[in-house]
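[1] sequence? don't have it. structure:
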């Protein structure tokens with residue numbers, strides 16, 4: 001026998017060696033499901049081609065194939081394989097936690113309205129200033145929301161995807177790109193807003209207020225992008241609490257040396273928005289940094305997550321934007337439909353004069369008193385929709401791992417039952433709140449500065465929001481389960497067109513008639529989205545697997 005050729009071990013010794021290697025690998029990684037992982041872990045443990053030859057194998061790859069055949073014996077799995085499946089089963093958050101998260105989402109709006117009713121001013125509105133100034137602020141807020149909502153939809157989806165993968169390098173890149181995109185959008189928006197104000201002869205100071213409001217609301221939204229997307233509600237509540245305390249503190253604290261109420265309110269808004277944006281930016285960076293530092297906890301000393309590296313392949317934003325374009329369009333058209341009737345009520349306000357200047361728009365208090373109050377129909381509905389829909393993706397993913405291929409009908413049944421629950425709860429709660437608002441409206445209108453006209457607007461708008469709640473349920477269901485917003489964008493576009501065209505045609509009969517265009521749009525989008533969901537529910541499991549699995 002040639003001394004350079006190692007003697008082959010007996011079959012029993014080779015089997016014992018394979019078992020030893022397989023056991024070592026399973027102690028490092030509980031679930032090894034491919035040959036490539038076996039090769040990697042064997043190299044980490046110090047095995048090479050020479051070791052394989054010494055034990056009677058041609059090379060490391062042949063040894064890896066044999067070891068892979070023995071891996072399952074050392075997984076210590078129970079009969080149903082639950083231990084193998086458990087690491088891949090996402091943890092479902094409790095109803096209590098989801099409810100608290102939904103309240104966290106609603107906290108800024110609730111606190112803002114509380115300020116408005118307590119002091120007469122808030123982040124978005126004030127009753128202390130002339131209507132022309134209030135109009136400029138409202139124009140800036142609505143214009144900022146319209147121009148940034150699509151970008152928020154785009155970047156929130158990209159951020160959630162990269163963060164969920166643990167790719168924090170890309171998550172930081174998404175945030176930076178969102179800052180650049182919002183900056184460019186603001187530049188273009190103000191460049192468009194200025195010539196329009198010149199053409200319609202709006203005083204320069206009113207244009208400046210509208211531009212500042214546009215910048216403020218846009219910067220504030222992008223600052224909170226990460227916190228809202230990643231559901232960091234504690235940080236949202238803390239930062240908004242500080243900002244909303246600062247607003248009245250600055251306004252009343254500066255009264256001794258700033259007498260003009262308009263200047264004092266704008267100064268308090270500036271301080272508040274700087275505080276809100278700075279706090280949100282700090283928390284956003286902290287969330288990403290803390291999560292990245294904890295990536296390697298509980299892993300072997302030789303293992304390093306590839307996602308910790310700051311040097312990753314840079315994806316092309318044009319491709320990302322094209323993929324998320326339907327979400328961009330849906331967000332933009334939905335904002336246009338939701339607030340389009342308010343803007344039309346300003347344009348057709350019978351009173352549009354300020355300091356002897358005839359303005360193209362003037363805030364319509366009677367219309368807002370009715371339409372804005374009716375928006376409270378959507379608040380409890382949104383909270384419950386969040387609780388019902390948030391875990392559905394993880395629950396369906398768990399079912400896809402626990403069920404056999406031949407049992408997909410059970411997933412079909414689960415999806416249909418969840419939609420039935422969502423639709424019934426949404427409509428029932430919306431109808432109940434709508435009835436309560438209509439019943440209490442005669443008592444609410446005097447305190448809100450409304451009139452009998454406002455009461456009529458509230459009744460129609462409250463009924464409209466019942467239909468709109470169904471549209472919101474359908475939209476969130478389609479995006480959560482089927483990841484398809486293309487048709488929803490078209491439905492939202494139809495709703496925006498109905499509000500714009502219908503409101504313009506009805507306005508000559510009185511600005512209060514504009515609300516019927518909002519009613520028609522709400523009915524149309526709810527019916528169209530219901531038809532869309534019904535079509536998807538014909539084969540929900542297949543569509544879910546096609547999109548996600």
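    Ah, there it is. Here the structure is a predicted model, which is why all the values come from computation and not from measurement. Numbers count the residues shown, from 1 in each chain.
[2] pLDDT weak spots in the stretch 101-250 of the chain?
    Counting by pLDDT under 70, the stretch 101-250 of the chain contains no low-confidence segment.
[3] residues of the helix or strand hosting residue 417 that come out buried?
    If you go by DSSP states H and E, residue 417 is part of helix 408-447. Residues of helix 408-447 classed as buried by neighbour count (16 or more other Cβ atoms under 10 Å): 408, 411-412, 414-415, 418-419, 422-423, 425-427, 429-431, 433-434, 437-438, 441, 444-445. The way it works is simple: take the backbone N, C-alpha and C, and place the C-beta from them, glycine included.
[4] okay, the angle between the helix or strand that that helix is followed by and helix 408-447?
    Following helix 408-447 in sequence order, the next helix or strand is helix 452-477 (DSSP H and E). The directions of helix 452-477 and helix 408-447 differ by 160 degrees, with axes from the mean of the first three to the mean of the last three Cα atoms, to 10 degrees as the criterion.
[5] which elements pack onto helix 452-477?
    Applying 3 or more Cβ pairs under 8 Å, 6 or more residues apart in numbering; DSSP states H and E, one finds that helix 452-477 contacts helix 317-347, helix 365-374, helix 378-389, helix 408-447, helix 486-497, helix 514-536.
[6] how about the third one: buried residues?
    When you say that, I think you mean helix 378-389. For helix 378-389, a neighbour-count test (16+ other Cβ under 10 Å) marks 378, 380, 381, 382, 383, 384, 385, 386, 387, 388, 389 as buried.
[7] try the shortest one
    Taking 16+ other Cβ under 10 Å as the neighbour-count basis, helix 365-374 is seen to contain the buried residues 365, 366, 367, 368, 369, 370, 371, 372, 373, 374.
[8] what's the answer for the fifth one, then?
    Along helix 486-497, the positions that meet the burial threshold by neighbour count (16+ other Cβ under 10 Å) are 487, 488, 489, 490, 491, 492, 493, 494, 495, 496, 497.
[9] could you list the low-pLDDT ranges of the stretch 251-400 of the chain?
    Within the stretch 251-400 of the chain, the stretches with pLDDT under 70 are 287-312, 354-357.
[10] repeat the analysis, applying 50 as the threshold.
    Residue ranges of the stretch 251-400 of the chain with pLDDT under 50: 293-307.
[11] could you report the neighbour count for residue 469?
    29 (other Cβ atoms under 10 Å).
[12] list the contacts for the nearest residue to it once chain neighbours are set aside?
    Excluding the flanking residues, the one nearest residue 469 by Cβ to Cβ, 6 or more residues apart in numbering is residue 430, at 3.9 Å. Contact partners of residue 430, counting by Cβ atoms under 8 Å, 6 or more residues apart in numbering, are 377, 378, 381, 465, 466, 469, 470.
[13] output those as TSV; include the columns distance to residue 181.
    TSV is the format used below for the contacts of residue 430 (distance: Cβ to Cβ, whole Å):
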residue	distance to residue 181
377	33
378	28
381	31
465	31
466	35
469	31
470	32
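[14] my guess is residue 66 contacts residue 18. True?
    Yes - assessed by Cβ atoms under 8 Å, residue 66 is found in contact with residue 18 at 5.4 Å.
[15] look up how far residue 467 lies from residue 491.
    Distance from residue 491 to residue 467, counting by Cβ to Cβ, to the nearest Å: 13 Å.
[16] any idea how far stretch 488-499 is from the chain center?
    Put simply, stretch 488-499 sits 20 Å off its chain's centre (Cα atoms, centre = their mean, to the nearest Å).
[17] cool, stretch 103-110 as well?
    14 Å.
[18] can you give me the buried ones in that stretch?
    For stretch 103-110, the neighbour count (16+ other Cβ under 10 Å) marks 104, 106, 107, 108, 109 as buried.
[19] show me what contacts the last one?
    It stands for residue 109. residue 379.
[20] please, which helix or strand holds it?
    Per DSSP H and E: residue 109 is located in helix 95-119.
[21] which residues touch the residue nearest the centre of the chain?
    Computing the C-alpha centroid of the chain and ranking residues by Cα atoms, centre = their mean puts residue 229 first, at 5.0 Å. Residues near residue 229 by Cβ under 8 Å, 6+ apart: 156, 159, 160, 163.
[22] repeat the analysis, applying 10 Å as the threshold.
    Residue 229 sits next to 152, 155, 156, 157, 158, 159, 160, 163, 171, 174, 175, 284 when contact means Cβ atoms under 10 Å, 6 or more residues apart in numbering.
[23] so which of these is the closest to residue 319?
    Nearest to residue 319 among the contacts of residue 229 is residue 158, at 11.1 Å by Cβ to Cβ.
[24] can you name the next helix or strand after whatever helix or strand that closest one lives in?
    Using DSSP H and E, residue 158 sits within helix 131-164. Following helix 131-164 in sequence order, the next helix or strand is helix 168-199 (DSSP H and E).
[25] list the helices and strands the following helix or strand past that next one packs on?
    Using DSSP H and E, the helix or strand that directly follows helix 168-199 along the chain is helix 204-223. Using 3 or more Cβ pairs under 10 Å, 6 or more residues apart in numbering; DSSP states H and E as the contact test, the elements touching helix 204-223 are helix 131-164, helix 168-199, helix 261-293.
[26] deepest-packed of these, please.
    Ranked by mean neighbour count, those are led by helix 131-164 with a mean of 22 (mean count of other Cβ atoms under 10 Å).
[27] that one vs helix 204-223, what angle?
    With the same axes, to 10 degrees applied, the angle from helix 131-164 to helix 204-223 works out at 20 degrees.
[28] ok, back up a step: turn the helices and strands packed on helix 452-477 into a markdown table, including distance to residue 143.
    Putting the helices and strands packed on helix 452-477 into a markdown table (distance: least, Cβ to Cβ, whole Å) gives the following:
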| stretch | distance to residue 143 |
| --- | --- |
| helix 317-347 | 9 |
| helix 365-374 | 17 |
| helix 378-389 | 22 |
| helix 408-447 | 28 |
| helix 486-497 | 15 |
| helix 514-536 | 19 |
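[29] can you tell which of these is closest to residue 179?
    helix 317-347 (13.0 Å).
[30] for residue 411, what are its contacts?
    Counting by Cβ under 10 Å, 6+ apart, residue 411 makes contact with 395, 396, 399, 400, 403, 540, 541, 542, 544, 545.
[31] the stretch of helix or strand the second one belongs to vs helix 408-447, what angle?
    Which is residue 396. Using DSSP H and E, residue 396 sits within helix 392-402. Here helix 392-402 runs at an angle of 170 degrees relative to helix 408-447 (the same axes, to 10 degrees).
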